[in-house]
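Student: structure of the sequence below:
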Amino acid sequence: PLGRDAARWALLCPAAHDRPRIPGDHLVQRETNPLFRVRYAHARTRALQRNAADLGFHPEPGPVSDAEALLAALGDHPRILTTTATHRSPDRLARHLVAVADATLPLLPAVLPLGDEKPSAAHRARLALAEAAGAVLAGGLSLLGIDAPDHL
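Tutor: Purely as a prediction, here's the structure:
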């Protein structure tokens with residue numbers, strides 16, 4: 001009844017020495033479900049890219065204020081991948097994806113301009129950061145064998 005993606009997440013998320021626990025709300029789409037948060041953050045970054053393209057602006061790297069947690073998580077990604085592969089511990093990657101998603105979600109409301117506001121360099125930089133976070137989330141889910149949908 002779990003489905004392929006939820007079952008993989010439930011089995012890969014705990015450390016090797018822990019027993020997998022599958023709570024009753026494992027499939028519920030809400031913030032308490034880590035798999036949902038990761039997939040939701042990925043889908044939101046893809047939606048922002050589509051909406052920005054509709055508005056006629058594209059990502060450009062630049063400084064982003066109030067995104068230190070996300071920058072740290074993205075900067076830590078290569079080390080996490082190496083550690084995950086070296087120790088054969090997919091649970092580290094799963095926890096890292098949750099951390100990236102949790103750091104991404106607060107940034108997303110400020111990516112697109114509001115109302116008649118013109119896209120600025122700050123909007124382009126936030127869009128580039130959201131795109132990078134989406135790529136990390138999609139790649140990590142793919143490594144775990146879990147789908148990263150563009151729409152939820």
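Student: where along this protein do the helices fall?
Tutor: 4-12, 34-55, 68-87, 90-104, 121-143 (DSSP state H).
Student: what's the third one packed up against?
Tutor: So that's helix 68-87. Here helix 68-87 touches helix 90-104, helix 121-143, going by 3 or more Cβ pairs under 8 Å, 6 or more residues apart in numbering; DSSP states H and E. In this view, the C-beta of every residue, glycine as well, is placed from N, C-alpha and C.
Student: so what's the gap between the longest one and the chain middle?
Tutor: Taking Cα atoms, centre = their mean, to the nearest Å, the mean C-alpha location of helix 121-143 is offset from the chain mean by 8 Å.
Student: next, the angle helix 34-55 makes with that helix.
Tutor: Counting by axes from the mean of the first three to the mean of the last three Cα atoms, to 10 degrees, helix 121-143 points 140 degrees away from the direction of helix 34-55.
Student: what is helix 121-143 packed up against?
Tutor: Using 3+ Cβ pairs under 8 Å, 6+ apart, helix 121-143 is in contact with helix 34-55, helix 68-87, helix 90-104.
Student: looking at the ones you listed, which is closest to Pro119?
Tutor: helix 34-55 (6.5 Å; Cβ to Cβ).
Student: in the closest one, what counts as buried?
Tutor: Neighbour-count burial for helix 34-55 flags 34-49, 52 (criterion: 16 or more other Cβ atoms under 10 Å).
Student: packing partners of it?
Tutor: Using 3+ Cβ pairs under 8 Å, 6+ apart: helix 34-55 touches helix 4-12, helix 90-104, helix 121-143.
Student: now for the ones you listed, which one comes closest to Gly115?
Tutor: The nearest among the helices and strands packed on helix 34-55, by Cβ to Cβ, is helix 121-143 at 12.9 Å.
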